[in-house]
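Chemist: what follows is a predicted protein model with its sequence.
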Amino acid sequence: MMMPTQSAGAGRFADFDLYRVPSPCFVIDEVKLSENLCILKTLGMAANANILLALKAFSMWELAPLISKYLDGCCASGLWEAKLAHHRFGGHVSTYSPAFKTNEIDEIARLSSHVIVNTPQQAVRFGAQIAAGNAELGLRVNPMHSEGEVAKYDPCAPGSRLGTPLRQLENKLPERVQGLHIHTLCEQGFPPLARTVDALHPFLEAVAQQLHWLNLGGGHLVTHHDYERAALAELINALAHRYDMQVFLELGTAVAFDAGILVGEVLDLLDNEGPVAVLDVSATCHMPDVLEAPYRPALRDERAGGQAVRLGGPSCLAGDVIGTYGFDALPQVGDRLAFLDQAHYSMVKTTTFNGVPLPALAIWNSDTDAVRMVRAFGYADFEGRLS
């Protein structure tokens, strides 16, 4: 099954001059990002909830001062992200990992407000150290209610390593656990969350006296135009009142949704049972979710029914193919293209496999039309990862 792109279209990027930046390049519109953040701030106030940035999805710390004006902190997936959250963003730091390492847990606890373990065994093993670091201990649970649209992205699928299945807990929590964490969604709307919470209620009823907070994880695409934000706020308020606890959301896609593009350039064209264009943008190196999810990213100015062209990257991997797209006319060498909604889960996953260069990073203000280059990567960044 192929995941559909959620992009609402080019938006303000429709008129952006793609030749103003080097290629390849990620371009973030700080105005669109601010609009998303404003929606999240309003939601947080209406729901009396803490909203955190998921660094695993978007971690451009050049924009940390802007993000920190709106959100309450970050969620991290280990020591390095916890360090980034603490040093660059500030605020609340919630750190979860499927398993923590003994030689890292003390530092993670010092950096974090909440440390969320995956199993009762890790709660017992690290509970005292987490408390000594002045962090609250949480436990991720698997509510055993699947809402994932793609099996390998479903944390509740059989055999999942993410969270302790509720039936194993027998309506009890390990000592020192003060909060619960769930994460069952992927770029989804409100109804799947409501059904998940319904499945969780019996367990919450049994352990509520021990809980200070509930983290509803991510996957909530709350900045999408048709998300039922009023219903979400009502649900969160009801949970907080019913169980006398604070509620957290950790959002990644929703923060950077439709706020960035990946600019690329046509390097060559060939014909093999149809036109094939080789770009300096690589699915393998720059947009790995294209292959892993898989999904087909939206392309600015694509023309339905137009000239079909297969777009692929410059690496030697045969599968480094982005997809087939329609054009008004056959693209030419030197033409620029822009893939939409690339700020989240693309920038954070780039690699230099095959010596393919990393995209530069730029910030654009769509109100003033000002562009500033944040970073360009060179050979030293490639060599520095090797030895």
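Modeler: Cool, got the structure.
Chemist: paired strands for the strand ranked longest in the chain, with orientation please.
Modeler: If you go by DSSP state E, the chain has its longest strand at strand 260-271. Partners of strand 260-271 in the sheet, by DSSP bridges, are strand 25-29 (antiparallel), strand 275-279 (antiparallel), strand 336-340 (antiparallel).
Chemist: residue contacts, the residue found closest to Gly378 once you drop the neighbours it is linked to in the chain?
Modeler: Nearest non-adjacent residue to Gly378, counting by C-beta to C-beta, 6 or more residues apart in numbering: Pro357, 7.9 Å away. All C-beta atoms are positioned from the backbone trio N, CA, C, and that covers glycine. Counting by C-beta atoms under 8 Å, 6 or more residues apart in numbering, Pro357 touches 24, 280, 377-378, 382.
Chemist: for Gly9, which of the strands paired with strand 260-271 is the nearest?
Modeler: Smallest distance to Gly9 across these (C-beta to C-beta): 7.2 Å, for strand 336-340.
Chemist: report pLDDT for the spatially most central residue of the chain.
Modeler: In the chain, the centroid-proximal residue (C-alpha atoms, centre = their mean) is Ala57; its distance is 2.5 Å. Confidence at Ala57, expressed as pLDDT, is 98.
Chemist: my read: it touches Val348, true?
Modeler: Yes - counting by C-beta atoms under 8 Å, Val348 is a contact partner of Ala57 at 6.7 Å.
Chemist: now do the same for the residue nearest to Gly378: helix, strand or coil?
Modeler: coil (DSSP: H, G, I helix; E, B strand; the rest coil).
Chemist: please list all residues in contact with Thr164.
Modeler: Here Thr164 is in contact with 118-120, 139-142 (criterion: C-beta under 8 Å, 6+ apart).
Chemist: pLDDT score for Met3?
Modeler: For Met3, pLDDT reads 81.
Chemist: hey, what's it bridged with?
Modeler: Taking DSSP bridges as the rule, Met3 bridges to Tyr295.
Chemist: that one: how many residues sit nearby?
Modeler: 17 (other C-beta atoms under 10 Å).
Chemist: how far away is it from Ser94?
Modeler: As for Met3, its distance to Ser94 is 26 Å (criterion: C-beta to C-beta, to the nearest Å).
Chemist: how about Thr223?
Modeler: Taking C-beta to C-beta, one finds Thr223 at 20 Å from Ser94.
Chemist: what residues does Ala151 make contact with?
Modeler: Ala157.
Chemist: hang on, I meant Leu52
Modeler: 71-75, 92, 94, 248-251.
Chemist: also Pro191?
Modeler: Pro191 neighbours (C-beta under 8 Å, 6+ apart): Glu228.
Chemist: how much space separates it from Glu250?
Modeler: For Pro191, the distance to Glu250 - C-beta to C-beta - is 20 Å.
Chemist: also Asp17?
Modeler: 35 Å.
Chemist: more crowded one of the two?
Modeler: Counted by other C-beta under 10 Å, Asp17 and Glu250 do not tie: Glu250 has more neighbours, with 29 against 9.
Chemist: doesn't the more buried one fall inside a strand?
Modeler: Yes - Glu250: assigned to a strand according to three-state DSSP.
Chemist: please name the bridge partners of it.
Modeler: Leu52.
Chemist: what sits against it?
Modeler: By C-beta under 8 Å, 6+ apart, the contact set of Glu250 is 51-54, 75, 94, 183, 215, 217-218.
Chemist: try 10 Å this time
Modeler: 50-57, 71, 73-76, 94, 96, 181, 183, 215-220 (C-beta atoms under 10 Å, 6 or more residues apart in numbering).
Chemist: same check, this time on Asn142
Modeler: So Asn142 contacts 118, 155-157, 160-169, 182-184 (C-beta under 10 Å, 6+ apart).
Chemist: now Ala233, what's its secondary structure?
Modeler: Ala233 is classified as helix under three-state DSSP.
Chemist: can you pull out the helices in the stretch 101-250 of the chain?
Modeler: 105-111, 120-132, 166-169, 190-207, 229-243 (DSSP state H, counting those that start in this stretch).
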